[in-house]
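Undergrad: need the 3D shape of this:
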Amino acid sequence: MADPLHQFQIQKIVDLPDVTLPGLGPVDLAFTNSHLAMTIGFVLVVGFLTLVTSGAKVVPGRMQAVGETLFGMIDNMTDSIIGHDGRKYFPFVFTIFMFILGMNILGMFLSFTATSQLAVTATFAVLTFGLVLIVGFVKNGLGFFSLFWPTGAPLVMRPVVGLIEFFSFLLRPITLMLRLFGNMMGGHIALKVFAGFVATAVIGGAGWFGVLIFPLSMGMTVGLTALEFLVAFLQAFVFAVLTCIYLNDVVNLGHGH
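TA: This next block holds a predicted model:
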């Protein structure tokens, strides 16, 4: 059975000369399977949204209905979580949701899943965290730091609670990064293991036990495949929800603290 972790290895497709950047040193610019997966995901998302919006009709077809459902779902979510200013941040939330969803689903068809790489999920987390910081300081100025001074807590407890809030705030990008990475990587490993059992039973590597192994492994593989498609959607949605929650904390800072 092939190594279940082999599917997560970065492999060069087109090797390019290294570039030396100040402060970073040599940087490998090779085009890898990770770049390919992200590029295909980007093209598919842009192509899908182009098809949905270019031929929009009063009575939507299947493709337009799916696009409008996704659009409406994220629009309602930003409005309900962030509130009145939710529409301002809808483009960012919708873009990051669609890109993650596209790469998650694409990973079910390719031999490589971009969102199973920490570097990719960390990039999404840093982008989100950076936006939260920018919005927090632009909208509240130095009042942003009141986020870590909970007025609802007793005065004597505020420094302790504020310290907890501060470290919790700093850990947010890490939790965003690890949640997406862990779920995508863990699911694909489990799927590969059971698919390997199916292959072993088919080629006769398990002997007579193959008669028992095949139906059980095939059933688990089919079930896990369906579950992985659900997880692919849920993880993109959860990332979008948490992004809205983090934005809400700084957008409505004066109302919640």
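Undergrad: for residue 14, what are phi and psi?
TA: phi -130, psi 120 (degrees, to the nearest 10).
Undergrad: dump the residue contacts of the nearest residue to it once chain neighbours are set aside.
TA: Using CB to CB, 6 or more residues apart in numbering and skipping residues adjacent in sequence, the residue nearest residue 14 is residue 31, 4.0 Å away. For every residue, glycine as well, the C-beta is placed using N, CA and C. The contact partners of residue 31, taken as CB atoms under 8 Å, 6 or more residues apart in numbering, are 12, 13, 14, 16.
Undergrad: mind listing which of those residues are in strands?
TA: In this view, the contacts of residue 31 that belong to strands under DSSP state E are 12, 13, 14.
Undergrad: hmm, which two among the contacts of residue 31 are most spread apart?
TA: Across the contacts of residue 31, the two members that end up farthest from each other (CB to CB) are 13 and 16, 10.3 Å apart.
Undergrad: which residues do those two both contact?
TA: Contact criterion CB under 8 Å, 6+ apart; residues bridging residue 13 and residue 16 by contacting each: 30, 31.
Undergrad: still on that earlier bit, closest one to residue 177 out of the ones in strands among the contacts of residue 31, please.
TA: residue 12 (24.4 Å).
Undergrad: may I ask you to name the longest helix in this structure?
TA: With residue count as the measure and DSSP state H as the assignment, the chain has helix 158-202 as its longest helix.
Undergrad: burial count for residue 189?
TA: Under the neighbour criterion other CB atoms under 10 Å, residue 189 is assigned a count of 14.
Undergrad: again, but for residue 32
TA: Other residues lying near residue 32 total 17 when counted by other CB under 10 Å.
Undergrad: when you give positions from now on, start the count at 36
TA: Let's use 36 as the start, then, which means that last one is residue 67.
Undergrad: for it, give the beta-bridge partners.
TA: Following DSSP bridges, residue 67 is listed with bridge partners residue 47.
Undergrad: quick one: the helices in the protein, in order.
TA: With helices called from DSSP H, the chain shows them at 68-89, 97-117, 121-141, 153-175, 193-237, 245-286, 288-291.
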